[in-house]
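>>> no sequence on hand, only this structure:
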Ligand code: SF4
């Protein structure tokens, strides 16, 4: 079973396509829920989880024998306790120019540096939010995914909500998304996952909206 804790929408970035709308989960609630879990993978995301008490939560999860994953934008990777983390997820949303336009100038290089820091210490997965800006860059994105040595690649379909509600022009059709996923599965020699609706993940999600 996968358990996703959306810690809140506090973040140190302002990505154009950000879909985060969640309010902050109470620390006590998170700790109580973690102590109830017996097995599976616990994912901490946000917002930016490294702006929250994520190392404390990771420690509890590890004491419970759970696998752990942290979904971060990579800017504060030095703060993450890698001894308590099994998988780090970083974003790659296009070639340098596209990625930096969607997120912020210089962030592409921050992701590559973060991938270098964790290399050989924990597994890496990459997430790409597919939008009208990067839908034709699947092959280029995969080259970057390979360069980072990621073990898996998750493709999300952009949904105009959160900050992203002001960027409806970044939306793509169902057909465009499915075609891009098909291509990604053809060219990638790592696991490729597709998430058509970020609000309907195949996991138990703890969130406060
Ligand atoms: S997409 Fe992620 S990194 Fe970017 S602003 Fe939203 S929560 Fe922060």
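Received, thanks. This is a predicted model, so every value here is computed, not measured.

>>> use CA for all of it now, contacts and neighbours both
Noted.

>>> which residues touch the residue nearest the centre of the chain?
The chain has residue 71 as the residue nearest its centroid, 4.3 Å off, counting by CA atoms, centre = their mean. Contacts here follow CA atoms under 8 Å, 6 or more residues apart in numbering; on that basis residue 71 touches 43, 44, 45, 46, 48, 49, 88, 89, 90.

>>> how about the strands of the protein, start to end?
2-6, 41-45, 67-71, 87-91, 123-130, 152-157, 191-195, 204-206 (DSSP state E).

>>> redo the ones you listed as CSV? Include distance to the ligand and mean pLDDT.
Formatted as CSV, the strands of the chain follow (distance: least, CA to the nearest ligand atom, whole Å; pLDDT from 0 to 100):
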stretch, distance to the ligand, mean pLDDT
strand 2-6, 10, 96
strand 41-45, 8, 98
strand 67-71, 9, 98
strand 87-91, 8, 98
strand 123-130, 9, 98
strand 152-157, 12, 97
strand 191-195, 15, 96
strand 204-206, 16, 92
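
>>> picking up where we left off before, is it possible to get a markdown table of the contacts of residue 71 that adds neighbour count?
Converted to a markdown table, those look like this (neighbours: other CA atoms under 10 Å):
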| residue | neighbour count |
| --- | --- |
| 43 | 21 |
| 44 | 26 |
| 45 | 22 |
| 46 | 26 |
| 48 | 24 |
| 49 | 24 |
| 88 | 26 |
| 89 | 24 |
| 90 | 24 |
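
>>> near the ligand, which residues of the protein show up?
Selection of the chain residues close to the ligand by CA under 6 Å from any ligand atom yields 11, 13, 14, 15, 18, 20, 46, 47, 48, 73.

>>> ok, now which ones touch the first one?
With contacts defined as CA under 8 Å, 6+ apart, the neighbours of residue 11 are 46, 47, 48, 51.

>>> now swap in residue 204 and tell me
Contacts of residue 204 (CA under 8 Å, 6+ apart): 1, 2, 3, 4.

>>> just the buried subset of the residues you listed, please.
2, 3, 4 (16 or more other CA atoms under 10 Å).

>>> and the helices in the chain?
Per DSSP state H, the chain carries helices over the ranges 27-36, 54-63, 96-102, 107-118, 138-148, 174-187.

>>> make JSON lines out of the ones you listed and add mean pLDDT and mean neighbour count.
Output for the helices of the chain, formatted as JSON lines (pLDDT from 0 to 100; neighbours: other CA atoms under 10 Å):
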{"stretch": "helix 27-36", "mean pLDDT": "97", "mean neighbour count": "13"}
{"stretch": "helix 54-63", "mean pLDDT": "98", "mean neighbour count": "18"}
{"stretch": "helix 96-102", "mean pLDDT": "98", "mean neighbour count": "18"}
{"stretch": "helix 107-118", "mean pLDDT": "98", "mean neighbour count": "18"}
{"stretch": "helix 138-148", "mean pLDDT": "98", "mean neighbour count": "18"}
{"stretch": "helix 174-187", "mean pLDDT": "98", "mean neighbour count": "15"}
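
>>> thanks again, I'm all set now.
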